[in-house]
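Asks: Here you go, sequence then predicted model.
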Amino acid sequence: MKPVVFQYRNPKTLSEALALLSEYRDDVAVLSGGQSLMPMLNLRVAQPAMLVDINLVNGLDAIRCDDDGVSIGGRTRHNDVLRSAAVAKNLPLLTQAMTHVAHEAIRNRGTLGGSLALADPAAELPACTVCLGGKIVAASVDGERRIDASDFFLDMYTTALDAHEVIVRVEFPRFDPNWRFAFDEVARRHGDFAVAGLAMAMRCEDGIVVDARIAFTGVEPMPRRLSDVEACFIGSRLDEPDNRIRARTALCDTLSPIDSGEFPPAYRVHVAGELLERLAAQLANANSG
Amino acid sequence: MIDEPSTEIECVVNGESIRARVPFRQSLVDFLRHGLGLTGSHVGCEHGICGACHVVVDGRVVRGCLMLAVQVHGRMVSTIENSQPHRFVKALQESFYQRAALQCGFCTPGMILQAAELLQRNLAPTRGEIRDALSGNYCRCTGYQAIVDAVETAAQTLRLQEGETAVADIGHLRDDNQTSLHS
């Protein structure tokens, strides 16, 4: 239950950190919040030769808003996102979802970039980033590149991030006031990993759904937008019960649930369907209110 | 441990300046316990599940098993042993005793530090909010009811204390022949 021996550096600048990642790229891990990496080190599931701690690097935890949207630094702690007024105003989905992320002490350390880079199939933030169409900005010695959330998550614990890259920020687009957001999940205990969780966003004009964004967590190996399910809602009223039933049928047809872990795949699909109906009803009420 | 990579750190622990050499791979809680003899923070699961190792770093409660000792270089660490505990911690220690909110006591230091963080943010939490805040702290003895009772009791005590402080302030101002509280 103690890590194997590793080398450790805690550079004060991003360029030093990126140089180290480039130098040790075959056997290196980035230490951000450490709330998943440290358990993996303690359990010796991870045994990197070099640990590059980015906690002293300035400027990786800023939350900025402008006309284009909101940018959140990769090392922003979960509790700082949860308690950010700017996030609550512009990205309420993220605020709602963050209340389901682990527990207080974990949220005091854990980071947005860390959660995305790990890509745990049951984590909330990857699904939210996909739902919101976030762009993940990865830096390396070669410069920066922007990766669409839809191209970022490749499989369970597998992303498009290279070993010598670090997530410096995530850029979320601006959403006009016609958008409504909802997040909920089913877990054995609040804060534990979800059996299924749902990030949903709907844009309504005169009571008619004109755009929809739907992504699950915990159900499939990685989050993705479910266009077949989204299509069931578009063009009619959100409180139309038939659409919910059609959407649920489409959901069952499209999902390829995780076939491992403690819950049978059929149960995950069932919970996902319940969440879909529940959140659609919640958003319909939010609109009429 | 001849080849153990290590480094020198300086930090403040419970108000005392500390200088020590720590192996890179040593967790913060192991450093506090084995390096400094502060055994109030307990090592339960060592992978961030149980909350028994909670300590406060720069004012925030963290899992002592999920931070490296080397990461507290230049930082302020506070443990349950702090001889000048925050008044919230003191009120909680008293209420845990009064409400019998512990049996073996293994989880208690972590519980108290986490509850103190909650009360600093919210001095009138509901029972649901208390449970939420303590959801990352495992207790295998009490069944949690008495712990929630104790946090409620401490919150009440602290609210009363704040009321008394306010009254005392008014008295002080009146002694100074001031009639308004606009300042």
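Replies: Noted; the coordinates are in hand. Predicted, not measured: the structure shown is a model, and the values here were computed from it. Numbering: from 1, shown residues only, chains lettered A, B, ... in the order given.

Asks: For the residue of chain B found nearest chain A, give me its contacts.
Replies: With Cβ to the nearest Cβ as the measure, B:G136 is the residue of chain B nearest to chain A, at 2.6 Å. (C-beta placed from N, C-alpha, C; glycine too.) B:G136 sits next to A:A102, A:H103, A:E104, A:A105, A:I106, A:G191, B:G51, B:Q114 when contact means Cβ atoms under 8 Å, 6 or more residues apart in numbering or on different chains.

Asks: Sticking with it, tell me its helix or strand.
Replies: Using DSSP states H and E, B:G136 sits in no helix or strand.

Asks: Which pLDDT value goes with it?
Replies: For B:G136, the model assigns a pLDDT of 96.

Asks: Skipping adjacent residues, who's closest to it in space?
Replies: Closest residue to B:G136 apart from its sequence neighbours, by Cβ to Cβ, 6 or more residues apart in numbering or on different chains: A:H103 at 2.6 Å.

Asks: That neighbour - how many residues pack around it?
Replies: By the criterion of other Cβ atoms under 10 Å in any protein chain shown, A:H103 has 24 neighbours.

Asks: I figured it was touching A:G191, is that so?
Replies: Yes. With contact defined as Cβ atoms under 8 Å, A:H103 counts as touching A:G191 (4.8 Å).

Asks: got any residues that touch both of the two?
Replies: Taking Cβ under 8 Å, 6+ apart as the criterion, A:H103 and A:G191 both touch B:S135, B:G136.

Asks: any idea how far the residue of the stretch 151-289 of chain A found nearest chain B is from A:N108?
Replies: Nearest residue of the stretch 151-289 of chain A to chain B: A:G191, at 4.9 Å (Cβ to the nearest Cβ). Separation of A:G191 from A:N108 (Cβ to Cβ, to the nearest Å): 13 Å.

Asks: So for the two, which residue has more residues nearby?
Replies: A:N108 (23 against 18).

Asks: How confident was the prediction at the more buried one?
Replies: In this model, A:N108 carries a pLDDT of 98.

Asks: can you tell me which residues contact the nearest residue to A:T99 once chain neighbours are set aside?
Replies: Spatial nearest neighbour of A:T99, chain neighbours left out: A:L82 (6.7 Å); criterion: Cβ to Cβ, 6+ apart. Shown in contact with A:L82 (Cβ under 8 Å, 6+ apart): A:T95, A:M98, A:T99, A:V101, A:R107.

Asks: cool, and B:T157?
Replies: B:A91, B:E94, B:S95.

Asks: Give me the phi and psi for it.
Replies: phi -60, psi -50 (degrees, to the nearest 10).

Asks: who's in contact with B:E46?
Replies: A:M1, A:K2, A:P39, A:N42, B:S27, B:C65.

Asks: How about the contacts made by the last one?
Replies: Okay, so that is B:C65. A:M38, A:N42, B:S27, B:L28, B:V29, B:V43, B:C45, B:E46, B:H47, B:G48, B:C53.

Asks: Let's see which of those residues end up in helices.
Replies: Mapping the contacts of B:C65 onto helices (DSSP state H) picks out A:M38, A:N42, B:L28, B:V29.

Asks: Need the max-distance pair from these.
Replies: Using Cβ to Cβ, the pair of the ones in helices among the contacts of B:C65 lying farthest apart is A:N42 and B:L28, separated by 12.3 Å.
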